[in-house]
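J.: Need coordinates for the following:
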Amino acid sequence: MRLLKARSLEFEEFLDEKTILLYAILSHRWENEEITYKEILKPTRKALAEAKRGFQKIRVYAAKATKNSLEYLWVNIYYIDKTSSTELSKAINSMFRWYRAAAVCYAYLCDVPPPLAAEGLQDFKLIALRKLVFYINNWMPAGTKKELARPIAPERKTTRIEDTAYCMLGLFDINMPMLYGEGERAFIRL
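T.: Coordinates of the predicted model:
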């Protein structure tokens, strides 16, 4: 598992997940100017990546984690090399476990304006998490999973048919290879 140090914003690789200390995980709505793992690794592109809105989101996230005495961070778009099908498959198979093991999840809903309305949370449901804190537009605190339990009913909507099956891997505690393009056959394999 690849994590980011909250204070230095440098990557650290953990080969044995049992050695990982407490970490915060970020679940977020994707925006324009998100950064990728490859962008942040290339010295020639790093400055451009750090100027993007996606990196600013990481900075605020790191500050919140540091304030809560957490040394490490994880966020999907930034830590998974999506150009590697092996890494992407491993990440999807591990995602439920990673969310469940996190000390806290900061759910950032950048497109939900204040005041928070239940309809703003309908498409955002996470069941693996013990501690979940919601933030809305400009990182304004919106409440916890417990406080917002009613609008966070366990339903899941995805953009790809396969992802509906893949998001249930953790619930059933299984692993299977990702075969994008298989459509509804993913449910038969599940």
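J.: what's the least confident helix or strand in this protein, going by average pLDDT?
T.: helix 76-79 (a mean of 68; mean pLDDT, DSSP states H and E).
J.: Check which element follows it along the chain.
T.: For helix 76-79, the following helix or strand on the C-terminal side (DSSP states H and E) is helix 85-101.
J.: ok, residue 40 - contacts?
T.: 46, 49-50, 55, 78 (C-beta atoms under 8 Å, 6 or more residues apart in numbering). (C-beta placed from N, C-alpha, C; glycine too.)
J.: Can you show me the strands along the chain?
T.: Here the chain has its strands, by DSSP state E, at 2-5, 11-13, 23-28, 72-75, 104-109, 132-136, 140-144.
J.: domain parsing for the chain?
T.: 2-155, 156-190 (automatic domain parsing).
J.: quick one, which of those domains is packed in tightest?
T.: By mean neighbour count, with neighbours taken as mean count of other C-beta atoms under 10 Å, domain 2-155 ranks first of the domains of the chain at a mean of 16.
J.: quick one, what contacts the closest residue to residue 187 other than its chain neighbours?
T.: Nearest residue to residue 187, sequence neighbours excluded (C-beta to C-beta, 6 or more residues apart in numbering): residue 165, at 4.9 Å. Neighbouring residues of residue 165 by C-beta under 8 Å, 6+ apart: 186-187, 189-190.
J.: want to throw the residues you listed into a markdown table with pLDDT?
T.: Putting those into a markdown table (pLDDT from 0 to 100) gives the following:
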| residue | pLDDT |
| --- | --- |
| 186 | 89 |
| 187 | 88 |
| 189 | 88 |
| 190 | 87 |
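J.: Contact partners for residue 161?
T.: 183-184, 186 are the contacts of residue 161 under C-beta under 8 Å, 6+ apart.
J.: Now flag whichever of those is closest to residue 96.
T.: Residue 96 has its nearest neighbour among the contacts of residue 161 in residue 186, at 15.9 Å by C-beta to C-beta.
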